[in-house]
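Participant: below are the sequence and a predicted model for it; my questions follow.
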Amino acid sequence: MPRPFRDRADDSLLTLLGDLPELITNLVKAEIDAAKAWVSKTSKDAGVGSVWFLVALFFLFWAVPVILVFAIAGLSSWWPVWLSALAVFGILILAMLFFGLLGFLRFRKVLSRENPAQAVATDIKLAKGSGNDEF
């Protein structure tokens, strides 16, 4: 338990040095308690924020079919309903293929990079002299 505050103006140097380990211990304990409180509050806030994001995603999930029905209904004023639904379906398939291709190309790019573990292994082989010296 920390001691109450007192005036240390008249204390000797040796008294102050003798109190130093206890003061440092109290400071470290206080900092650890403050860090625990910060982590606790931050994790609670992050959890609540995550729940709000999940609620937003829930509403987005249900908004997508609504906009698709809206597109089909809009197109059905010019075309038959079945053709409107087929057109919207075709547009969705084209969009899926396009974004799937973009994702595939990005992952190919990521997988072609040398990761840090491979770089370290190459450096160790070169240092041992058993690696390929050609670049």
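Facilitator: Arrived safely. Residues are numbered from 1 along each chain as shown.

Participant: give me the contact list for stretch 52-70.
Facilitator: 88, 92 (CB atoms under 8 Å, 6 or more residues apart in numbering). The way it works is simple: take the backbone N, C-alpha and C, and place the C-beta from them, glycine included.

Participant: show me where pLDDT drops low in the chain?
Facilitator: Flagging of the chain using pLDDT under 70 yields the residue ranges 1-3, 130-135.

Participant: past the lengthiest helix in it, which element shows up next along the chain?
Facilitator: Longest helix of the chain, by residue count under DSSP state H: helix 13-75. Counting by DSSP states H and E, the next helix or strand C-terminal to helix 13-75 is helix 81-112.

Participant: now do that following helix against helix 13-75: the angle between them, please.
Facilitator: Interaxial angle, helix 81-112 versus helix 13-75 (axes from the mean of the first three to the mean of the last three CA atoms, to 10 degrees): 150 degrees.

Participant: list the helices and strands helix 81-112 packs on?
Facilitator: Contact here means 3 or more CB pairs under 8 Å, 6 or more residues apart in numbering; DSSP states H and E; on that basis helix 81-112 packs against helix 13-75.

Participant: got the contact list for the nearest residue to A73 once chain neighbours are set aside?
Facilitator: Setting aside the residues directly before and after it, A73 is nearest to S84 in space (CB to CB, 6 or more residues apart in numbering), at 7.7 Å. Residues counted as contacts of S84 (CB under 8 Å, 6+ apart) are 71-76.

Participant: what does A71 give?
Facilitator: Contacts of A71 were listed using CB under 8 Å, 6+ apart, and they are 84, 88.
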